[in-house]
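**Q** only geometry, no sequence info:
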Ligand code: NI
């Protein structure tokens, strides 16, 4: 007997089926990641949404999670909307990202604080090795949609990034996005 697929993903990356979890982050939730203060009237603005398929409990060894992140276009005082960014709690855990639509930058940082970046666009595939922190930045005018697949026991260490930040920031320059050294304390 052939069963129907339990999970579907459409061209825009949207997931449908069982065990799909959706979440969103507003500017007010992630205010600390931007160099500038968020004005009070922007706290409710949605910076990004995440849809994920979780057929395992977080922490289960050997399983996988699958999802799509949607980072909206926008900026805070010239710094583009971006995800919180994280190392994996289990540092050696790797992850795949792939571009679905929009234009972005995958900001990466190793444990010594060295920063590097890759362009993200429709069809791009990014293998993020273990021990590397990752953050998505929307540098375009449209929604940046990015697929992801990661081990169910990888976990997320947001604290290290929340406390120490990334060593670089992506901002609007006169001719497009520029990557600059992070001189603030976050
Ligand atoms: Ni990750």
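**A** Yep, that arrived. Owing to the predicted nature of the structure, the values given are computational and were not obtained by experimental measurement.

**Q** quick one: the helix or strand of the chain with the lowest mean pLDDT to chain centroid distance?
**A** Every helix and strand in the chain was compared by mean pLDDT, DSSP states H and E; the lowest is helix 159-164, with a mean of 90. Relative to its chain's centre, helix 159-164 lies at 15 Å (CA atoms, centre = their mean, to the nearest Å).

**Q** One more: stretch 92-106?
**A** Worked out by CA atoms, centre = their mean, stretch 92-106 lies 8 Å from the chain centre.

**Q** before we move on, what about stretch 59-67?
**A** That offset, for stretch 59-67, works out to 17 Å (CA atoms, centre = their mean).

**Q** do the same with stretch 146-161
**A** Counting by CA atoms, centre = their mean, stretch 146-161 comes out at 9 Å from the chain centroid.

**Q** residues in contact with it?
**A** Under the contact criterion CB atoms under 8 Å, 6 or more residues apart in numbering, stretch 146-161 has outside partners 9, 13, 33, 54, 56-69, 71, 84-90, 93-100, 104, 120, 133, 135-136. Quick note: C-beta positions are derived from backbone N, CA and C, even for glycine.

**Q** Filter those residues down to just the buried residues.
**A** 9, 13, 33, 54, 56, 64-69, 71, 84-89, 93, 95, 97-100, 104, 120, 133, 135-136 (16 or more other CB atoms under 10 Å).

**Q** Quick check: helices, which of those are part of them?
**A** Assigned to helices by DSSP state H, none of these qualify.
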